[in-house]
Structure formats: C-alpha cells, structure tokens
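When you get a sec, could you give me coordinates for this:
(one chain, ligands or ions: 1)
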Amino acid sequence: MAEKVAHAHAAKETEKGVQRCINRACRATFGLRERIYACPRCGETLEIDCRLVRPHDPSALRKYWAAKRTSKLPRDASGVWRYHDVLPFSETAPFVTLFEGNTPLFHAPLSAKYCGLSDLRLKHQGYNPTGSFKDTGMAAAMTQALISGARTAVCASTGNTAASLAAYASRAELQSAILLPRGQVSPAKLAQSLDYGALVLEIDGNFDACMRLVRELGDDPSIYVANSINPFRIEGQKTVAYELMEQCLWQAPDHVVVPGGNMGNSTALGKGFQELLDLGLIKRLPKLSVIQAEGAAPLAHLFASLDHDPSADEERIPEKLTPVENPQTLATAIKIGAPVSWKKALRAVLRSGGKIIAVSEQEIADAKATIGRDSIGCEPASATTVAGIKRLAAAGHIRHKEDVVAVLTGHALKDPDYMINYHRGTLSLDSGAKDRTAPPILGAFRNAPERVAATKAAILESLERRRSLSD
Ligand code: F0G
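Okay, the predicted model is just below:
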C-alpha cells in the first residue's frame, strides 16, 4: 500500500522536472522517481533540472516570496519549503521539516579587518536545527525518500551529515544508518546522531572508505543514499542561495566563499545562483570561491593546474581528479580526499570566475578565533572561508571595497575540543600520537583560562592585567 501511494506521488512529480546526467556527451534524462545516484549509462553524477510550475516575472516572484515570510503555514515557515516553487516536488507531496533555513547574515567587522576588507558578511548555516548547513538538503532528501517508498536512509559522514540525517530520518519515521570513520568524528556530532536514534556504524577507515561502502549499499532496494551524490540533497541546499539573495535585497555580492569537502555545498550554491540568474532575479553571478584545508585539498591542486591555463573553462574539466590518499586536517568535517561532487563544483566555480585554494591549519585556527571574537563563532571547517578570503584579498582577487559573503557551515559547539586546545596552546595535527612531528598550532588569539586564587583581590588583579594588555 505504501508503495502504491509513493508511486502515485512519483507520477505527479515527473511534471516538475527531470534528473539529468551532467556529462555533456551523454546528457541522458531520467524521471524524478528513479532512485539513482549516478547516470546508469555513463556513470557520471546527476543533477535535477527543475521547471517553475507557474512562470513569474522576477518582481512578482520577489513579492511572492516576501509575502511567504509572514505566512502562518508550516511549509512557509521553513527556509527550504518557502521556495517550493523552485523545488522538484508537487503541491500535494508530503514534506519533512524541522523548520530549517532562515539563518542570519551577520556583519563581521573584526573578521573584515583581519582579511583587509572594508566589510564582510557571514551567512551562518550553523543556526540550522542540528547546527549545520546539512539540514536544508536533508529536508529535501528525506522528503524524496518518503516519496520513493524507501525504508532506510544511509550516509557516510564526517559527522554533520550524520547528525542531520539522524534527525530528519526520525522525523520522517524512516530508519537511518550512518557510516563514520572511527575515531575521526567530533564527539558532539557523534552524540547528536546517537540521540536522534540512528544506527551508528563506526568503520576502520577514513571518510572516503565510508563513502565507497555507501555507494555499494545504494544498489540495495531498501536503501536510500542521503549523501550529496543524491541530487535531491543539492536541491534542498540550493535554497540558501535564494534566501541569501533575498537578504541581500537581490543584489548579488561580488564574492561568495564556502569551505570545500565533498563539494555538495559549493555545487548547491552554484546551482542556486545560476537559477537565480536564469530567472532574472539577479543580474550577475557572484564569484564563487571554495576553500579547502591544505592536507585535504584535491580540488585546489587540480584548480592550481588549470588556473595557469588562461583558456581554462568548463570544456577543459578533466575526466578524473587525483584523490588525496591520506587526507589530514584538524577541520575533521572536511577531511576528505576524494570528493564526490567535484566536477559539478568545479564547473560552478569556473562559470562564476571564482577560485579554489587551500589554507594551512594555522590559518584556519586563527581565522576561527577571529570569527569567535566577532561574537559569531563557527566550527573549524567553516573558518577556512575567512582564512581563504584573507589570502584572496592579499593576492588581489578580492578588492578592499568589494561585497563579500562567507558561508559558515557549522556551529561553534560542534567541536569544543578544538577550541579549548587552541586557547590552551595544545592544538596539534598529531595530538594523541606518540611520535610528535607536526609543529604545534600556536594561537595568535589565544585566550587560555587562568587559575586564580579564590579572593576578590586576585580577581581584580587578573582583570587589571587583561585591561593593560588590551590598552
Ligand atoms: N563545513 C562543514 C561544517 C561540514 O560538515 C562539511 C561537510 C563541509 C563544510 C564541506 O561541505 O562536503 O558540501 O563540500 N561535511 C560532510 C559530513 C562531509 O559528512 O558532514 P561539502
């Protein structure tokens, strides 16, 4: 019976778009109800081509979405489902929500100064229900899982996708199973997944090994893959581009900068901006730049080889990416050597005129502390953005007065150990290892706790010392 209901939905869904292979030589299309994660003909990744149900002119669409912000309907209260018109789901389809999206866009004066810019805004996706940007995509993916009659949703994860899948699968009353690289996930993220009720499977291997296993599991008819090779995830995540442009009063910033791991986020933002341009809602694409951690930067390496080629464009995207076999970074969220969505992300960056670069552990750590001083905070992976912007500004790719938005992907409390180690001066790439070879990461903005005698005089003395340091 559940199967029948699912197919009835699916038949209607096909009216709203198709799944299309991104390979220019193939471009095969498939119905939205087909549960596939790669092109069955050529093996390349898929994207969804979604048609607007009702054509609107740009100003009508802007007003329509603005009105939804004051609507009392649960669907409109979600920052994903408010943009239902540009999503591949029919009016009557069910929708899964934890009221994701609607995240703040902060001005960050200290971070701007740190980067050598007059202003910098931070779009904080860590304000989502499970504390990361994954929730917008998971709302769409779990909705599609329900529609397709799946029983169990599965993902490989460095922690955030896991927490998000666990929460949204439970909300959709689906079973969830999560493959994590054992010992390489922040305890806070692991705790969330356990609490939301997922089956947590710790694998002896890294994220890329988990991802390979998930691809194999995807053949099983009971399994629904929730990683970003699933194009419905990307559809949910692209809504951040719509929300951001609404917050920017439909004036595209000069630059939007995101961290890069498995490359789903950059793919989704790139797709969202392209759609906004095609719909006439913005006049130009923001330059989309992606920042990786030096020890896990396969796409930055590839980009560096293309960047020296003045004719580098989409046509020249190579067939293969050389993976980083043993990725290393303390920004564990992006400790990924073989990103699955690299081709789509690279295409979006090249189209927009952005860059893909890598930053060091020290740069990430100091950028993170600066974002903290702006009273905003984020997890280490998110701080690659500010570190990258500083580099891109120093290299002249970003100019002092340009309008720049960095997307922070995860909440500061996702990785408290990292913060404590930074401030105590004990952060190191090989903390815990017997033979220490990596140099410690010394916090330029270190703020270690002080042990103080339990007297008023001692406390006032400490305060005075701090005052004299900041004068
Ligand atoms: N920032 C955070 C906080 C993340 O958790 C991730 C990815 C990224 C950035 C990179 O985004 O993969 O779309 O390029 N986390 C995944 C996970 C891999 O399993 O939680 P991406």
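
Enumerate the residues of the stretch 151-300 of the chain near the ligand.
Where the stretch 151-300 of the chain comes near the ligand, counting by C-beta under 6 Å from any ligand atom, the residues are 157-161, 228, 259-266. Where you see a C-beta, it was placed from the backbone N, CA and C, and this is true even at glycine.

Same check on the stretch 1-150 of the chain?
Checking the stretch 1-150 of the chain against the ligand by C-beta under 6 Å from any ligand atom, the hits are residue 132.

And the stretch 351-471 of the chain, by the same measure?
Neighbours of the ligand within the stretch 351-471 of the chain, by C-beta under 6 Å from any ligand atom: 379, 381-382, 409-410.

Which of those residues fall in helices?
In helices, defined here by DSSP state H, the members of those are 381-382.

So which of the residues of the stretch 351-471 of the chain next to the ligand is surrounded by the most neighbours?
Neighbour count (other C-beta atoms under 10 Å) singles out residue 382 as the most crowded of these, with 34 neighbours.

Show the contacting residues for that one.
Residues touching residue 382, when contacts are defined by C-beta atoms under 8 Å, 6 or more residues apart in numbering, comprise 126, 259, 368, 371, 407-410.

Nearest residue to it in space, please, no chain neighbours.
The spatially closest residue to residue 382, leaving aside those adjacent along the chain, is residue 408, at 4.1 Å (C-beta to C-beta, 6 or more residues apart in numbering).

In terms of helices and strands, where is the residue most central in space within the chain?
The residue lying closest to the centre of the chain (C-alpha atoms, centre = their mean) is residue 265, at 3.9 Å. For residue 265, the enclosing helix or strand under DSSP states H and E is helix 264-278.

which helices and strands does that helix pack with?
Using 3 or more C-beta pairs under 8 Å, 6 or more residues apart in numbering; DSSP states H and E as the contact criterion, the elements in contact with helix 264-278 are helix 231-247, strand 255-259, strand 287-293, helix 342-352.

Most neighbours among the residues of the stretch 151-300 of the chain next to the ligand, which one?
Neighbour counts for these, by other C-beta under 10 Å, peak at residue 260, which reaches 34 neighbours.

helix or strand right after the worst-scoring helix or strand of the chain on mean pLDDT?
Across the helices and strands of the chain, the lowest-confidence element by mean pLDDT, DSSP states H and E is helix 2-13, at a mean of 38. Taking DSSP H and E as the definition, the helix or strand that follows helix 2-13 towards the C-terminus is strand 17-21.

Please identify the pairing partners of that following strand and their relative orientation?
Looking at strand 17-21 with DSSP bridges, its partner strands are strand 29-30 (antiparallel), strand 46-50 (antiparallel).

Tell me which of those strands is the most buried.
Among the strands paired with strand 17-21, judged by mean count of other C-beta atoms under 10 Å, the one packed with the most neighbours on average is strand 46-50 (a mean of 20).

Please compute how far it lies from its chain's middle.
Shown here is strand 46-50, whose average C-alpha point lies 19 Å from the average C-alpha point of the whole chain (C-alpha atoms, centre = their mean, to the nearest Å).

Averaged pLDDT, stretch 121-129. What do you get?
Stretch 121-129 comes out with an average pLDDT of 98.

First-to-last residue distance for it?
Counting by C-alpha to C-alpha, to the nearest Å, you get 21 Å between the two ends of stretch 121-129.

what sits up against that stretch?
Identification of contacts with stretch 121-129 by C-beta under 8 Å, 6+ apart yields 98-101, 103-108, 111, 132-136, 164, 167, 240, 244, 247, 253, 371, 374, 376, 378-379, 382, 385, 404-412, 414.

which of these are buried?
When the contacts of stretch 121-129 are checked for burial by 16 or more other C-beta atoms under 10 Å, the buried set is 98, 100-101, 103, 106, 108, 111, 132-136, 164, 167, 240, 244, 253, 371, 374, 376, 378-379, 382, 385, 404-412, 414.

just for the stretch 51-200 of the chain, where's the confidence low?
53-55 (pLDDT under 70).

for it, what spans make up the helices?
Remark: helices of the stretch 51-200 of the chain, listed N- to C-terminal, are 58-68, 74-77, 109-115, 134-147, 160-171, 187-195; assignment by DSSP state H, counting those that start in this stretch.

Who are the packing partners of the third one?
Based on contacts counted as 3+ C-beta pairs under 8 Å, 6+ apart, the elements that helix 109-115 packs against are helix 361-373, helix 380-394.

average model confidence for the last one?
In other words, helix 380-394. Across helix 380-394, the average pLDDT comes to 98.

mind checking which helix or strand residue 202 is in?
Using DSSP H and E, residue 202 falls within strand 199-203.

Pull up the pairing partners for that strand, direction included.
The strands beside strand 199-203 in its sheet (DSSP bridges) come out as strand 175-181 (parallel).

if we can go back for a sec, can you tell me which of the contacts of residue 382 is nearest residue 358?
The nearest member of these to residue 358, counting by C-beta to C-beta, is residue 259 at 11.0 Å.

Let me see the contact set for the spatially closest residue to the closest one that is not a sequence neighbour.
Excluding the flanking residues, the one nearest residue 259 by C-beta to C-beta, 6+ apart is residue 384, at 4.4 Å. Shown in contact with residue 384 (C-beta under 8 Å, 6+ apart): 259-260, 291-293, 331, 334, 359, 364, 367.

who wins for neighbours among the residues you listed?
Across the contacts of residue 384, neighbour numbers were computed from other C-beta under 10 Å; residue 260 holds the maximum, 34 neighbours.

For the closest residue to that one other than its chain neighbours, list the residues it contacts.
Among residues not flanking residue 260 along the chain, residue 290 sits closest, at 3.9 Å (C-beta to C-beta, 6+ apart). Under the criterion of C-beta under 8 Å, 6+ apart, the contact list for residue 290 reads 257-260, 263, 266, 299-300, 345, 349, 354-356.

Pipe those residues into CSV and attach pLDDT and distance to residue 420 per row.
Formatted as CSV, the entries for the contacts of residue 290 read as follows, by pLDDT from 0 to 100; distance: C-beta to C-beta, whole Å:
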residue, pLDDT, distance to residue 420
257, 99, 27
258, 98, 26
259, 98, 22
260, 98, 26
263, 98, 30
266, 98, 30
299, 98, 31
300, 98, 29
345, 97, 33
349, 96, 35
354, 96, 34
355, 97, 33
356, 97, 31
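
Which of these sits closest to residue 233?
The nearest one, if we look at the contacts of residue 290 relative to residue 233 and count by C-beta to C-beta, is residue 263, at 12.0 Å.

Please report the distance of that closest one from residue 342.
When distance is defined by C-beta to C-beta, to the nearest Å, residue 263 is 5 Å away from residue 342.

Fine by me, thanks again.
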